[in-house]
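In: Here is a sequence together with a model predicted from it:
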Amino acid sequence: MIRVRFAPSPTGYLHIGGARTALFNHLFARRHQGVFILRIEDTDEVRSSHESVDAILESLAWLGLEWDEGPRLEPGRSGDWQERGNFAPYFQMRRLERYRQYVEQLLREGKAYRCYCTPEELDAMRRRAQLEKRPPRYEGRCRSLTEAQRRDHETQGRRASVRFRMPDEDATAVEDVIRGRVEFENRLLQDFVIQKTAGGPTYNFACVVDDHLMEITHVIRGDEHLSNTPSQLQVYAGLGWKPPQFAHLSMILGPDGAKLSKRHGATSVLEYKTQGFLPQALRNYLALLGWATPDSRQLFEAAELIGKFDLKGCQKNPATFDPQKLQWMNGTYIRKLTREELVRESAPFLESAGLGRVPREPLLRAVGLEAEKVKLLTEVPRLVDFFFKDAVYEQKAVEKVLRAPGAAKILEDIRALLQKTPGFLEKDLEAAIRGFCAGNNLKPAQAIHPIRVAVSGRTEGPSLFAMLEVLGREKVLERIGAAQRLI
RNA sequence: GGCCCUAUCGUCUAUCGGCUAGGACGCUGCCCUUUCAAGGCAGAAAGAGGGGUUCGACUCCCCUUAGGGCCA
């Protein structure tokens, strides 16, 4: 049984890179009918926050990355996830006993030791090492303290951290599914802290304990953790545990080649939501950052993605995030929606644009007419607003189209014509207007352009005749009148 | 500074020693068309550099260069 986890630190929103890692884990689990676990690594009490936890959960929910397992909730402690019929995530801060237990084991077996060096002392050592051009690693001052020395430190009231005793010789090899075998010399690994003086575990330790206890089979995570892996492997060995398989995903970079960060624009998943992206589009795009099929296909339905996802298709080199391609992809997903779905997805944006209470049927039709143009849901209100609000006449449209020679006369005739057309359906209108043009020796465009500007205020828009039908006779006549007054 | 990773069009990528180097975004042109789109067709655009290995290297090895990561 395949078991994977996504293990974010709640020190900020869920960013694009984290979302991609979560997605790959989720896809891998679904592909192999495995289990996907969410583990919140909140042992850094200073930087962790509840707001971050909420943002991460909301982001995962939006992306449809639900997890399959979690701790039993204590009675009375209900979270949102419970109401959603989901599991709670695991929180490392609620598992401190377990880490302590294994620190004790390592201490007992002499595979770890207490270190009484103060931050100031460590700092001084580091500076000295740098001055002497030695690698700034822990020198092992407390590696072999005698019992007497220990007691001495204790009576002085010094608090100890616990360090893992690294072997000095040989090398540790990481067998990475994506990168192959990567070797690290043990003498360059340092005796890293596994338990802080305050008693909490460090990242590299808690991670190992949890991955083991949660029976994780594949650790799929960002490239930045590759260098931590040999230290973690030593902990597995020290505790007598079999390590999982590792797969390190390449990083996601900004357009300038540096690690993707805030200065490159939106990096928070939720920002993409508010910018009008569809979660399925973001998922599809993210899947293609660092992964591809042999035929380089671009668009995948959710189920297809699960069926095709494969760690072997993962890229070793970092990928640059391309907002333009994401937008294109969002457009293709928007065009796949029915107009009902598009209206539903755009509802929050329509609402904040003051179009929350317009009649449903005309809204559906207006949105349907504009759908092919939409790349972001945020554009929907702007594209349909003139159907429901008074037209705002663009200055250049007035000058170039309404005030064009002959336009005034055409509008006058058209207004008279539209007053008495028997029906006001697209096909009637098209027949009437084209007939008018033919009868007056006009090219259809000569009439169509001024009418478009007159009824919508702009030069761009959907098919004119469909647009007129949706607007209805009353509004059309009224607006042509308004436009005439501008000429 | 030490260690590690990476290197194909501007970007995402295909290629697992035979390549006229394929696809997608973006860009340009044409077609369709009442505008804007969408769609269709066409085009420009790539193997970082240097050594090897091989009948043959984008593909394998080494070095250099560049970018990135981790440790502080």
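Out: All right, it came through fine. The structure presented is a predicted model; accordingly, all values stated were derived computationally and were not measured.
In: Check chain A for the residue nearest RNA strand B and tell me.
Out: residue A:317 (2.8 Å; Cβ to the nearest atom of the strand). In this view, the C-beta of every residue, glycine as well, is placed from N, C-alpha and C.
In: My guess is that residue contacts residue A:250. True?
Out: Yes: Residue A:317 is within contact range of residue A:250, at 5.7 Å (criterion: Cβ atoms under 8 Å).
In: got any ranges where the stretch 101-250 of chain A has weak pLDDT?
Out: A:133-136 (pLDDT under 70).
In: which ones are touching the residue of chain A closest to RNA strand B?
Out: The contact partners of residue A:317, by Cβ atoms under 8 Å, 6 or more residues apart in numbering, come to residue A:250.
In: in a strand, that's where it is, yeah?
Out: No: inclusion of residue A:317 in a strand is not indicated when DSSP: H, G, I helix; E, B strand; the rest coil is applied; the result is coil.
In: Could you pull out the helices in the stretch 251-400 of chain A for me?
Out: When secondary structure is read from DSSP state H, counting those that start in this stretch, the stretch 251-400 of chain A shows helices at A:269-274, A:279-287, A:302-308, A:323-336, A:339-352, A:360-370, A:380-388, A:395-397.
In: Now mean pLDDT, distance to RNA strand B and mean neighbour count too, for the ones you listed, in CSV please.
Out: Converted to CSV, those look like this (pLDDT from 0 to 100; distance: least, Cβ to the nearest atom of the strand, whole Å; neighbours: other Cβ atoms under 10 Å):
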stretch, mean pLDDT, distance to RNA strand B, mean neighbour count
helix A:269-274, 96, 16, 19
helix A:279-287, 97, 8, 22
helix A:302-308, 95, 12, 15
helix A:323-336, 97, 3, 17
helix A:339-352, 97, 14, 17
helix A:360-370, 97, 8, 18
helix A:380-388, 97, 9, 21
helix A:395-397, 92, 10, 13
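In: Out of the ones you listed, which gets nearest to residue A:3?
Out: helix A:302-308 (16.6 Å; Cβ to Cβ).
In: Which strands or helices does that closest one pack on?
Out: If you count contacts as 3 or more Cβ pairs under 8 Å, 6 or more residues apart in numbering; DSSP states H and E, helix A:302-308 packs onto helix A:16-31, helix A:279-287.
In: what separates it from the chain centre, distance-wise?
Out: 18 Å (Cα atoms, centre = their mean, to the nearest Å).
In: thinking again about what came up before, make CSV from the helices and strands packed on helix A:302-308 and add distance to residue A:333 to it.
Out: Output for these, formatted as CSV (distance: least, Cβ to Cβ, whole Å):
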stretch, distance to residue A:333
helix A:16-31, 16
helix A:279-287, 4
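In: Could you report the neighbour count for the residue nearest to residue A:118 when sequence neighbours are not counted?
Out: Nearest non-adjacent residue to residue A:118, counting by Cβ to Cβ, 6 or more residues apart in numbering: residue A:158, 7.3 Å away. Neighbourhood size, residue A:158 [other Cβ atoms under 10 Å]: 15.
In: Am I right that residue A:158 sits in a helix?
Out: No: read with three-state DSSP, residue A:158 is coil and lies in no helix.
In: Please report the distance of it from residue A:197.
Out: As judged by Cβ to Cβ, to the nearest Å, residue A:158 and residue A:197 stand 9 Å apart.
In: tell me the contacts of residue A:456?
Out: Residues near residue A:456 by Cβ under 8 Å, 6+ apart: A:386, A:391, A:467, A:479.
In: Quick one: which of these has the lowest pLDDT value?
Out: Ranked by pLDDT, the contacts of residue A:456 bottom out at residue A:391 (94).
In: separation between the residue lying closest to that residue once chain neighbours are set aside and residue A:4?
Out: Once flanking residues are discounted, residue A:391 sits nearest to residue A:457: 3.6 Å by Cβ to Cβ, 6+ apart. Using Cβ to Cβ, residue A:457 is found at 54 Å from residue A:4.
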